[in-house]
Every structure is written in C-alpha cells, then in structure tokens.
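Undergrad: just a sequence and a predicted model for now, questions to come.
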Amino acid sequence: MNVINHLTDRLIRCGRIPEKDRDVYLYGFDITFYTIWSTAALLLIGLLLRQFWAAVILVSGFYTFQSTGGGYHAKTHLRCFLTMVAGLLVGLSAVFIQDHHILLWSLLGIGALLLFLVPLVLHPNKSYLEPEKKRLTIKSIAVTLSLLVSVVVLNIFWSRMLYAFAAVFLLAGVSRIIGKIVYNRNTEA
C-alpha cells in the first residue's frame, strides 16, 4: 500500500474525512505529493547545474502560465516529470545566449505572442469549465501581460536572468500550442 492510500485510510479511520470522499482525497493527495516531489527535484537539478535562480524562474513561471491558461498535460506523472525536466534543461541551456539581448528579447516576444494568441487551452477533462471560458481567458491574458511588464521592469535591475524569463515565456507558449493541437486531434478522433 503506498503512502497516499495509507494516509487517506488513516484519515478515514480517524473520522477526519468521510469514506464517500475517499477518491477525491486520494486524487488531491496524489497531486499534492507529486507537485512537491517534482518541484523539489526540478529545483535540485537547477542547483546542481549552478542555476538555481533560473530554475526557480522557469518552474514558478511555467506553473503560473500552466495554471492560469493551461497547455499540454502529459498522461502520467512520469511523463509529466520527464517533460518538465526536458523543458527545464532547454530553458537553462539558454544561459549560453545570455549575452545576446536582441535574441533573448525576440524569444521573449515570440513566447508572449504565442501566449496572447492562445490564451487558454482547456484539457478535455476540464470541459466543466467551458461556461467560464471567457473569464478564464481574460484572467490568462491579464497574468501574461502582468508577467511581461514585470519582466521588462525587472530587466532594468536584473538583466542577468533575462534568458530564464525568455525561456519560460517561450516554453509556456509552445506548451499551449502543443496542448491545443493534441486536444483538438483527440476531440476530432
């Protein structure tokens, strides 16, 4: 029996949660533990590569874009983690172009453009949010715009991390495009 099942069973036996809500708690605990574990592992990778703050920017920025506007979601935790590791490594490798500000601003602009062109991608499992689509789209655009303005202002004081900001915008934009393609393909099939 894994930790999540054990924890849920214990909370049911103690009367903290009703048996009828077992599946909801299992799902919630599963997502929570996975998110904590994967975030810690991604930040550890950044630390080992001596790019901890860039990893913080990439992970937190990607989580922000993903949670407000959606994008591609892998089918399993392992695939999700491996996709995030690949994205993190690509983002961290942008350090090699950190002195090419025109290129970085161009990548940031392309990423922002993708995020504005595809402001919301709802996973097929989130079809219940369809009535909220307009509000969620506005929220996603507002978050993207506020993060973009923050990056521009922050760059005045801390341009050393421009590569991480450019990478997170571009990776989040690509995630939205891929998510849109994959989910449209699945609904057509």
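TA: Yep, that arrived.
Undergrad: name the helices or strands packed onto the host helix or strand of residue 6?
TA: Taking DSSP states H and E as the criterion, residue 6 maps to helix 3-13. Under the contact criterion of 3 or more Cβ pairs under 8 Å, 6 or more residues apart in numbering; DSSP states H and E, helix 3-13 touches helix 22-48. Bear in mind the C-beta positions are built from the backbone N, C-alpha and C, glycine included.
Undergrad: what pLDDT, on average, does the helix it packs on get?
TA: Average pLDDT, helix 22-48: 92.
Undergrad: would you mark the buried spots in it?
TA: By neighbour count with 16 or more other Cβ atoms under 10 Å, helix 22-48 contains the buried residues 25, 26, 29, 38, 39, 42, 43, 45, 46.
Undergrad: packing partners of that helix?
TA: If you count contacts as 3+ Cβ pairs under 8 Å, 6+ apart, helix 22-48 packs onto helix 3-13, helix 52-69, helix 77-93.
Undergrad: that older thread, what residues does the helix holding residue 6 touch?
TA: Residues outside helix 3-13 that contact it (Cβ atoms under 8 Å, 6 or more residues apart in numbering) are 1, 17, 18, 19, 22, 25, 26, 29, 30, 33.
Undergrad: how much does that helix deviate in direction from helix 22-48?
TA: Going by axes from the mean of the first three to the mean of the last three Cα atoms, to 10 degrees, helix 3-13 is angled at 140 degrees with respect to helix 22-48.
Undergrad: ok so, going back, of the buried residues of helix 22-48, closest to residue 107?
TA: The nearest member of the buried residues of helix 22-48 to residue 107, counting by Cβ to Cβ, is residue 46 at 19.3 Å.
Undergrad: from residue 140, how far out is the closest one?
TA: 26 Å (Cβ to Cβ, to the nearest Å).
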